[in-house]
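Student: Just the structure for this:
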Amino acid sequence: MKRISLWLKILMIIYFLVGLAFCFLANPYLYGIYFNNSIGSKTTVEIIAYAINLLCSIPCFVLLYYGFKASIILEHDETLISHDGSKTLKIAGFILSIDSLVFVISHLALSLFIEKWIIEVSLAFLGFIGLTIGALLVVVSYSLNKATEIKEDNEAII
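Tutor: Okay, here's the model as predicted:
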């Protein structure tokens, strides 16, 4: 499990660097190309779309913390079948679900006001994928919590 924990930590660091690149390189480039304007002549809708992407990125960095925390749990416990592991996944699932829901709704709403609406709808679809993953994390955390209770009951009997 120590090897899996190490790989998970490395993956979290890579995601962190990719997230920074998205926020400060790809996102400005996307909206610069997307709207074909200079920086000084952005419309209110364009600024709102850019700000929503940045604001929805913040919880993703919080999720990286929870991924790092899960790797530490794996390193020490060798399993996520614990109340701490279950709680970590549950919190991460709720954060991802709420963030993705805001992302989906905001980009679908923005698609009504922007000429190249297909890009906003595509981003909303990516948010829907995040919403699905968040819901799966909540379900897995519930299952891990039940497995922890069964494990504790079995240990009490023995």
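
Student: Helices of this structure, start to end?
Tutor: Secondary structure of the chain (DSSP state H): helices at 2-21, 27-35, 44-77, 83-111, 117-157.

Student: Let's see the first one as CSV, backbone CA atoms only.
Tutor: By that I understand helix 2-21. C-alpha atoms of helix 2-21 as CSV (Å, rounded to 0.1, in the frame of the first residue of the first chain):
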residue,chain,number,x,y,z
LYS,A,2,2.9,2.3,0.5
ARG,A,3,3.6,2.2,-3.2
ILE,A,4,0.0,3.0,-4.0
SER,A,5,0.1,5.8,-1.5
LEU,A,6,3.3,7.2,-3.1
TRP,A,7,1.7,7.1,-6.6
LEU,A,8,-1.4,8.8,-5.3
LYS,A,9,0.7,11.6,-3.8
ILE,A,10,2.6,12.0,-7.1
LEU,A,11,-0.8,12.1,-8.9
MET,A,12,-2.1,14.8,-6.6
ILE,A,13,1.0,16.9,-7.2
ILE,A,14,0.6,16.5,-11.0
TYR,A,15,-3.1,17.4,-10.7
PHE,A,16,-2.1,20.5,-8.7
LEU,A,17,0.4,21.6,-11.4
VAL,A,18,-2.1,20.9,-14.2
GLY,A,19,-4.8,22.9,-12.2
LEU,A,20,-2.5,25.9,-11.9
ALA,A,21,-1.7,25.7,-15.6
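
Student: elements contacting it?
Tutor: Packing partners of helix 2-21 (3 or more Cβ pairs under 8 Å, 6 or more residues apart in numbering; DSSP states H and E): helix 44-77. No exception for glycine: its C-beta is placed from N, CA and C like everyone else's.

Student: The helix it packs on versus helix 2-21: what angle between them?
Tutor: Per axes from the mean of the first three to the mean of the last three Cα atoms, to 10 degrees, the angle that helix 44-77 makes with helix 2-21 is 170 degrees.

Student: now helix 44-77 against helix 83-111, angle please.
Tutor: In terms of direction (the same axes, to 10 degrees), helix 44-77 departs from helix 83-111 by 170 degrees.

Student: pLDDT score assigned to residue 36?
Tutor: Residue 36 carries a pLDDT value of 58.
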